[in-house]
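> Pasting the sequence and the predicted model now:
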Amino acid sequence: MGRAAGVPLCLMNRPFRLRPSLVELCVPILSRQPGILDLLASLPADICTQVIAKLPLDLPLLPCSQFILDKDYWKRRALLKWKTCDPSRHGHSWKQLFFECNLAEALENYDPTLEDGTILMKLMETSEPFVRSLEIRQLPSRLSMCIVFKLLGRQLITLKLEYGWRNAGMLYEPDRFGMKVSDCLAFSASICLASALTVLDLSCNLLDDEKIKILLEGMTLNPGLLQLSLCHNRIGDLGVAEISKFLMFEKCVLTGLNLGDNYLSSQGAKDVAEALKTNTVLNCLNLGYNNKVGDEGGRAIFDALQSNTVLQGLSLISCGLGEEAAASLGRLISSSSSSLLYLDVSANPSIGTKGGATLQASMESGKPPLYFDVEMCGVGEEIEQFIANAMTTKNEKDVRPSLLRNSIFQI
């Protein structure tokens, strides 16, 4: 076939190249215009997407938060700032992830001696529409939570707050750890502003009986609280008595409570047991790693559950339970009235073979939990295997409760 008329022979074998379209030429220019964010809404959807893909990742947050909805932009911006990002922990939203992590980082690193506080306040105001959860692992500034709740309280659903000092190393200073009485007073006085707060984690804050009493006074004014974690603190029987009163408070809707690794004794367990007799909303309770609860305290808890039909998850790991507590638990299981789905009494070696035999007999005739852990209880390999097999049979039908994944049981 001959060459086209007028086409030089030297051009016939060159690859054919399309000229860039006008859109392709304009998009990079548009993305660099100072007022481009104001124009995004007026651009066609396909061009808008192309422009956003070319936008710099260091634009000021205030206009970005208002005009850029594109998830890919916030994903790129988040991955540039942090190596690991999990949007499933932030409402499956990259934008929410960015604003929550960015604000938490700013609060954790804020130094009032070096920074202007108005900048942090402005950041909180800008972030407020997109922040639902905050995880603050250190607060060296001891910024009053009144300010945080006032600016974020209408949207904040989950708060994890730890007055620690990450990477202290050789610069360790005891005063930088834990909530002081002044922190508790400010928190208690302002928690009522956090009208949307349902999940509160104050673990690892050196809370004692005096401090927990102060905090609970404020929590009674926030009746929407559903989950409360107070593990790894110094709460003793007096503090637990106040918590038990809170559980019996008529407006209390708490469904999950974590008191793991505190200073409870048998008296504290008895006070909790009294609350369980009348409480009709709590369905997850963790008292694990309170090794002074003992046989007497464990027995009180299991006896109280004879009249409780709402508690579904209970952890008494390493609580010093023995044969008497096992006997009470056996009666509970045999009664077939228990609502327990998840029960962990592992690491209680004093239960022994006699207690194990009681539990086995009750399981054969009663209504055992769907998940039941008796490892390291000295019940003997045969009984331990029997219980493990019973759990496997139940869970083959995919009835393993979601309580296993509940944060209340994570210590």
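That came in fine, so what should we check first? Residues are numbered from 1 along each chain as shown.

> Isn't residue 380 up against residue 356?
Yes - counting by C-beta atoms under 8 Å, residue 356 is a contact partner of residue 380 at 5.9 Å. (C-beta placed from N, C-alpha, C; glycine too.)

> mind listing the strands for the stretch 51-200 of the chain?
For the stretch 51-200 of the chain, the strands defined by DSSP state E, counting those that start in this stretch cover 133-136, 158-161, 199-201.

> who's more crowded, residue 380 and residue 356?
Using other C-beta atoms under 10 Å as the criterion, residue 380 and residue 356 rank with residue 356 on top: 22 against 14.

> How about residues contacting stretch 81-98?
Contacts to stretch 81-98, defined as C-beta atoms under 8 Å, 6 or more residues apart in numbering, come from residues 69, 71-72, 74-75, 77-79, 100-102, 130-133.

> Please apply the same query to stretch 276-286.
227, 231, 247-248, 252-260, 272, 301, 304-305, 307-308, 310-315, 403, 406, 408-409, 411.

> residues in contact with the nearest residue to residue 291 once chain neighbours are set aside?
Leaving out its chain neighbours, the residue that sits closest to residue 291 by C-beta to C-beta, 6 or more residues apart in numbering is residue 320, at 4.8 Å. The contact partners of residue 320, by C-beta under 8 Å, 6+ apart, come to 291, 292, 293, 294, 295, 297, 298, 348, 350.

> SS state for residue 320?
coil (DSSP: H, G, I helix; E, B strand; the rest coil).

> Distance of it relative to residue 309?
According to C-beta to C-beta, to the nearest Å, residue 320 stands 27 Å off from residue 309.

> Mind giving me the packing neighbours of the host helix or strand of residue 329?
Per DSSP states H and E: residue 329 is located in helix 323-334. On a contact count with 3 or more C-beta pairs under 8 Å, 6 or more residues apart in numbering; DSSP states H and E, helix 323-334 meets helix 294-304, helix 352-365.

> May I have the first one as PDB, with CA atoms only?
In PDB, the C-alpha atoms belonging to helix 294-304 read as follows (Å, rounded to 0.1, in the frame of the first residue of the first chain):
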ATOM      1  CA  GLY A 294     -10.300 -14.200  96.800                       C
ATOM      2  CA  ASP A 295     -12.700 -17.100  97.300                       C
ATOM      3  CA  GLU A 296     -15.100 -15.000  99.400                       C
ATOM      4  CA  GLY A 297     -15.300 -12.200  96.800                       C
ATOM      5  CA  GLY A 298     -15.700 -14.600  93.900                       C
ATOM      6  CA  ARG A 299     -18.400 -16.500  95.700                       C
ATOM      7  CA  ALA A 300     -20.300 -13.200  96.300                       C
ATOM      8  CA  ILE A 301     -20.100 -12.300  92.600                       C
ATOM      9  CA  PHE A 302     -21.400 -15.700  91.500                       C
ATOM     10  CA  ASP A 303     -24.200 -15.800  94.100                       C
ATOM     11  CA  ALA A 304     -25.300 -12.300  93.000                       C
END
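
> Out of the contacts of stretch 81-98, flag the one nearest to residue 193.
residue 131 (14.5 Å; C-beta to C-beta).

> burial of the closest one, as a residue count?
Around residue 131 there are 22 other residues, counting by other C-beta under 10 Å.

> backbone phi and psi for it, please?
Dihedral pair for residue 131: phi -100, psi 120, per degrees, to the nearest 10.

> Would you agree it is in contact with residue 156?
Yes - here residue 131 reaches residue 156: they are 6.5 Å apart, a contact under C-beta under 8 Å.

> Can you tell me which of the helices and strands packed on helix 323-334 is most buried?
helix 294-304 (a mean of 23; mean count of other C-beta atoms under 10 Å).

> Report the angle between that helix and helix 323-334.
Angle between the axes of helix 294-304 and helix 323-334 is 20 degrees (criterion: axes from the mean of the first three to the mean of the last three C-alpha atoms, to 10 degrees).

> Can you give the contact residues for helix 294-304?
Counting by C-beta under 8 Å, 6+ apart, helix 294-304 makes contact with 264-270, 272-274, 276-277, 287, 314, 316, 319-325, 327-329, 331-332, 350, all of which sit outside it.

> Now the buried members of these.
The neighbour count (16 or more other C-beta atoms under 10 Å) marks 264-270, 272-274, 276, 287, 314, 316, 319-325, 327-329, 331-332, 350 as buried among the contacts of helix 294-304.

> can you pull out the strands in the stretch 201-350 of the chain?
Under DSSP E, counting those that start in this stretch, the stretch 201-350 of the chain gives strands at 227-229, 256-258, 284-286, 313-315, 342-344.

> Average pLDDT for the third one, rounded please.
This means strand 284-286. Strand 284-286 shows a mean pLDDT of 97.

> ok so, going back, show me the one of the strands of the stretch 51-200 of the chain that comes nearest residue 218.
Taking the strands of the stretch 51-200 of the chain one by one with C-beta to C-beta, strand 199-201 is closest: 10.7 Å.

> In that closest one, which residues are buried?
By 16+ other C-beta under 10 Å, the buried positions in strand 199-201 come out as 199, 200, 201.

> what's that strand packed up against?
Counting by 3+ C-beta pairs under 8 Å, 6+ apart, strand 199-201 packs on strand 158-161, strand 227-229.

> mind putting those in TSV, distance to residue 237 included?
TSV is the format used below for the helices and strands packed on strand 199-201 (distance: least, C-beta to C-beta, whole Å):
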stretch	distance to residue 237
strand 158-161	25
strand 227-229	18
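
> Let's have the ones you listed in TSV, adding distance to residue 365, mean pLDDT and mean neighbour count.
Formatted as TSV, those follow (distance: least, C-beta to C-beta, whole Å; pLDDT from 0 to 100; neighbours: other C-beta atoms under 10 Å):
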stretch	distance to residue 365	mean pLDDT	mean neighbour count
strand 158-161	42	97	20
strand 227-229	35	97	21
